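Enquirer: missing the sequence, but the structure's below:
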């Protein structure tokens with residue numbers, strides 16, 4: 001049996017109970033492995049306690065001395081990079097590949113798929129077939145006089161591959177056919193619309209419950225594409241290509257298979273020359289490849305045959321998760337099922353039983369567009385008993401991180417957090433795919449463990465909001481939930497658009513927005529030596545300025561609650577600059593695209609500039625499409641967060657021992673930070689509910705009275721000390737609670753919120769119609785406005801003039 005065909009794994013411990021489960025191998029049995037669900041103790045609803053919050057912040061400041069590094073990013077020229085640029089991106093994403101030595105290469109390759117055919121069966125095939133004669137395949141030999149071209153290998157190799165599949169295949173009734181796709185364009189799939197194409201040399205066209213015909217990018221219906229191939233083979237001459245060039249070409253194809261086959265666990269493929277072959281293995285830990293292995297000799301020929309079988313015949317062997325299956329009609333997925341462990345009953349019985357859920361959508365509600373990393377994919381399912389929609393979250397956690405269910409268990413019954421129904425904590429491990437007994441032999445390899453959570457939420461991201469008040473209420477309750485988690489000594493660290501969900505229709509206050517995605521969370525007291533080994537791969541556009549800069553800092557500052565609060569600001573920014581107040585999507589504003597395309601350092605500079613600009617860009621259309629309460633909220637949040645960010649940025653340049661006291665003072669203000677921000681949201685929500693906060697723009701300013709702009713606050717970005725206090729908010733004593741925290745009925749004195757860009761700030765070539773007037777500014781809390789009828793009369797008189 002292959003080293004990959006049978007594994008016994010042990011899940012973690014919870015509340016002193018060790019759970020064990022032998023997992024039947026997916027490679028062998030084709031059944032989804034499972035472990036019993038963790039037992040989740042009942043928890044009382046947490047009651048807010050300011051003193052406890054300060055205590056938690058104090059613990060954090062004492063133990064978080066460094067930061068988990070961020071996955072390095074390269075600048076891109078467009079949201080869907082062309083293939084050549086995509087290779088550069090993948091080179092950084094995949095990191096250092098694991099290149100096996102010659103001895104290990106042969107052992108790894110020959111250990112795979114032993115269950116499919118023994119040596120005697122393969123030798124019988126080699127004796128009978130007409131594509132293997134005199135101890136070699138019918139591939140052309142190099143001829144010094146004539147030379148050899150890559151295309152000379154195509155016809156004989158196609159015969160060889162199809163001969164192997166036809167001889168050994170067909171047992172499951174599904175068709176497999178190797179076809180020449182060297183001249184067939186395969187359409188790519190990206191987060192944005194794309195016209196990118198690529199062409200593997202040979203592809204194994206597949207039918208079955210994991211495949212469907214390519215969705216047409218145009219009127220042309222294609223019979224083969226990345227959605228219905230089980231593997232591919234690339235043809236090269238033995239000289240002229242470097243292993244890295246080969247790897248990056250294979251990575252383009254493998255990435256599209258992960259994207260267009262969302263139940264992919266790994267992708268394996270071969271590069272074949274006239275003399276040898278290499279196997280390339282892609283999984284969520286990156287990529288591994290072998291040295292060239294002789295294709296002609298008896299031992300190499302057996303291995304080659306067995307690999308072609310394993311990569312081509314059966315879904316589970318080829319790297320597909322057979323716990324997710326679809327019903328395919330006329331080449332199109334029309335429905336599907338997902339099988340996983342079910343919840344235990346109230347008495348804790350029936351642990352480990354399986355439940356098959358219907359998929360509410362045949363496509364994942366949250367797809368993944370990366371190869372290496374957590375590989376988070378979310379599915380919407382239907383509870384077979386209640387008919388209620390639930391969410392399944394599949395991911396691959398780093399082996400040196402705590403399992404997410406530990407954090408989910410601590411969060412149970414906290415308002416604003418998702419409720420866990422069941423959790424499969426150790427489905428598979430990437431080290432087992434690679435045949436590693438001791439993964440520490442490869443410094444660049446980080447083992448990842450597959451996990452699956454079934455969550456009691458319908459899984460609607462906040463981008464599905466339908467009104468401004470629905471969005472603000474969801475964000476407000478999610479921030480409150482973040483605070484509650486912090487008070488339970490847990491820091492989320494992964495605030496993104498997809499990790500903030502809308503509550504179910506009619507949800508009570510506190511449940512209108514839900515936080516999920518605790519796999520990147522940390523306890524406030526932890527050993528940072530191990531957690532900093534693996535790159536952090538959170539979506540970049542929501543990361544704080546300091547977190548983005550940490551990769552360039554000699555003494556990076558640990559990710560704290562302030563970074564997460566800053567991420568909430570970017571989520572609100574994304575919503576207001578990409579949607580109108582009724583949830584209708586529009587073209588994202590330009591700086592959001594810049595954040596997506598820039599490398600981490602440039603994105604940090606752009607975000608710092610954005611936070612410091614206390615204005616709403618007039619050409620963004622935000623003012624016309626959102627209530628004034630929302631624009632004021634965004635500006636006040638930016639002003640507040642900018643001051644904190646600048647304070648941390650100054651501390652980042654200091655030695656750890658020098659800045660230690662100041663950092664503690666900053667972190668201990670957590671209570672103030674949460675109270676102030678939640679009060680801003682409460683105020684905006686109240687204004688919308690009052691019915692006096694429409695979309696009508698403010699009255700035109702009187703230019704004669706606005707010949708000068710008031711001086712901004714001397715604090716960075718307009719951040720001012722709180723009223724009734726001459727102290728910086730970052731220097732308070734850790735043992736006291738600030739009971740005089742202001743409810744922000746007005747912006748801090750001296751702060752101006754610009755609702756239109758000043759004329760001088762506009763580019764010279766900007767159309768005059770898009771330039772704000774010189775004094776196009778508005779107070780954060782505007783002065784009382786004239787009655788609506790008077791404003792209308794003024795507007796009519798201006799029109800007559």
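Expert: Done, it's in. This one's a predicted model, so the numbers in the text were calculated from it and none came from an experiment.
Enquirer: the bottom helix or strand of this protein by mean pLDDT?
Expert: strand 17-23 (a mean of 29; mean pLDDT, DSSP states H and E).
Enquirer: pLDDT of the stretch of helix or strand residue 230 belongs to, averaged?
Expert: Assessed by DSSP states H and E, residue 230 sits inside strand 229-235. Averaged across strand 229-235, pLDDT comes to 97.
Enquirer: so what does it touch, helix or strand wise?
Expert: Applying 3 or more CB pairs under 8 Å, 6 or more residues apart in numbering; DSSP states H and E, we find strand 229-235 packed against helix 154-168, strand 202-206, helix 243-260, strand 267-272, helix 298-312, helix 315-318. For every residue, glycine as well, the C-beta is placed using N, CA and C.
Enquirer: what about the closest residue to residue 495 other than its chain neighbours, neighbour count?
Expert: Once flanking residues are discounted, residue 495 sits nearest to residue 567: 3.6 Å by CB to CB, 6 or more residues apart in numbering. If you count neighbours by other CB atoms under 10 Å, residue 567 ends up with 27.
Enquirer: test my guess that residue 489 contacts residue 561.
Expert: No: counting by CB atoms under 8 Å, residue 489 does not reach residue 561; the two are 11.5 Å apart.
Enquirer: next, the buried residues of stretch 150-158.
Expert: Buried residues in stretch 150-158, counted by 16 or more other CB atoms under 10 Å: 152, 153, 157, 158.
Enquirer: would you tell me which helix is longest in the chain?
Expert: Secondary structure of the chain per DSSP state H: the longest helix is helix 628-651.
Enquirer: how about that one: buried residues?
Expert: For helix 628-651, by 16+ other CB under 10 Å, it's 628-649, 651.
Enquirer: report the distance from the strand holding residue 230 to the chain centre.
Expert: 27 Å (CA atoms, centre = their mean, to the nearest Å).
Enquirer: between that strand and strand 202-206, how big is the angle?
Expert: Per axes from the mean of the first three to the mean of the last three CA atoms, to 10 degrees, the angle that strand 229-235 makes with strand 202-206 is 170 degrees.
Enquirer: contacts for strand 229-235, please.
Expert: 150, 153-154, 157, 161, 176, 178, 181-182, 200-206, 211, 246, 249-250, 253, 257, 267-273, 311-312, 315, 318, 320 (CB atoms under 8 Å, 6 or more residues apart in numbering).
Enquirer: try it again at 7 Å.
Expert: By CB atoms under 7 Å, 6 or more residues apart in numbering, the residues outside strand 229-235 that reach it are 150, 153-154, 157, 161, 176, 200-206, 249-250, 253, 268-272, 311-312, 318.
Enquirer: from those residues, list just the buried residues.
Expert: Looking at the contacts of strand 229-235 with 16+ other CB under 10 Å, the buried ones turn out to be 153, 157, 161, 176, 200-206, 249-250, 253, 268-272, 311-312, 318.
Enquirer: which residues of the stretch 101-250 of the chain fall in helices?
Expert: 102-111, 119-128, 154-168, 243-260 (DSSP state H, counting those that start in this stretch).
Enquirer: so the first one versus helix 298-312, what angle?
Expert: So that's helix 102-111. Using the same axes, to 10 degrees: helix 102-111 against helix 298-312 is 60 degrees.
Enquirer: same for helix 102-111, what does it pack against?
Expert: Counting contacts by 3 or more CB pairs under 7 Å, 6 or more residues apart in numbering; DSSP states H and E, helix 102-111 is packed against strand 293-294, helix 298-312.
Enquirer: buried stuff in the last one?
Expert: Of the residues in helix 298-312, those scored as buried under the neighbour-count criterion (16+ other CB under 10 Å) are 300-312.
Enquirer: could you do stretch 605-623 as well?
Expert: Here stretch 605-623 shows 606-608, 610-623 as buried, counting by 16+ other CB under 10 Å.
Enquirer: now stretch 387-402
Expert: Applying 16+ other CB under 10 Å to stretch 387-402 flags 389-399, 401-402 as buried.
Enquirer: okay, now the unreliable bits of the stretch 51-200 of the chain?
Expert: 51-74, 145, 170-172 (pLDDT under 70).
Enquirer: any regions of this structure where pLDDT drops low?
Expert: 1-74, 145, 170-172, 217-221, 345-352, 439, 525-539, 694-801.
Enquirer: same thing but at 50, please
Expert: Residues of the chain meeting the criterion pLDDT under 50: 1-49, 60-61, 63-69, 526-535, 537, 697-801.
Enquirer: wait, residue 641 sits on residue 611?
Expert: Yes: with contact defined as CB atoms under 7 Å, residue 641 reaches residue 611; the gap is 6.0 Å.
Enquirer: rewinding a little: now the helices of the stretch 101-250 of the chain as JSON lines including distance to residue 509?
Expert: Formatted as JSON lines, the helices of the stretch 101-250 of the chain follow (distance: least, CB to CB, whole Å):
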{"stretch": "helix 102-111", "distance to residue 509": "56"}
{"stretch": "helix 119-128", "distance to residue 509": "67"}
{"stretch": "helix 154-168", "distance to residue 509": "60"}
{"stretch": "helix 243-260", "distance to residue 509": "39"}
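Enquirer: of those helices, flag the one that's most buried.
Expert: Mean neighbour count (mean count of other CB atoms under 10 Å) peaks for helix 243-260 among the helices of the stretch 101-250 of the chain, with a mean of 21.
Enquirer: end to end on stretch 415-430, go ahead and measure it.
Expert: 35 Å (CA to CA, to the nearest Å).
Enquirer: mind listing what's buried in it?
Expert: 415-418, 420-430.
Enquirer: cool, and stretch 464-484?
Expert: 465, 468-484.
Enquirer: just these: which are in helices?
Expert: Short answer: those in helices (DSSP H) are 468-484.
Enquirer: one step back: wait, which of the helices of the stretch 101-250 of the chain is closest to residue 188?
Expert: helix 243-260 (5.8 Å; CB to CB).
Enquirer: next one: that closest one to chain centre, how far?
Expert: 19 Å.
Enquirer: give me the contacts around that helix.
Expert: 83, 86-87, 90-91, 94, 97, 188-189, 198, 200, 226-227, 232, 234, 236, 264, 267, 269, 271, 280, 282, 287, 289, 367, 369, 371.
Enquirer: many thanks, I have nothing further to ask.
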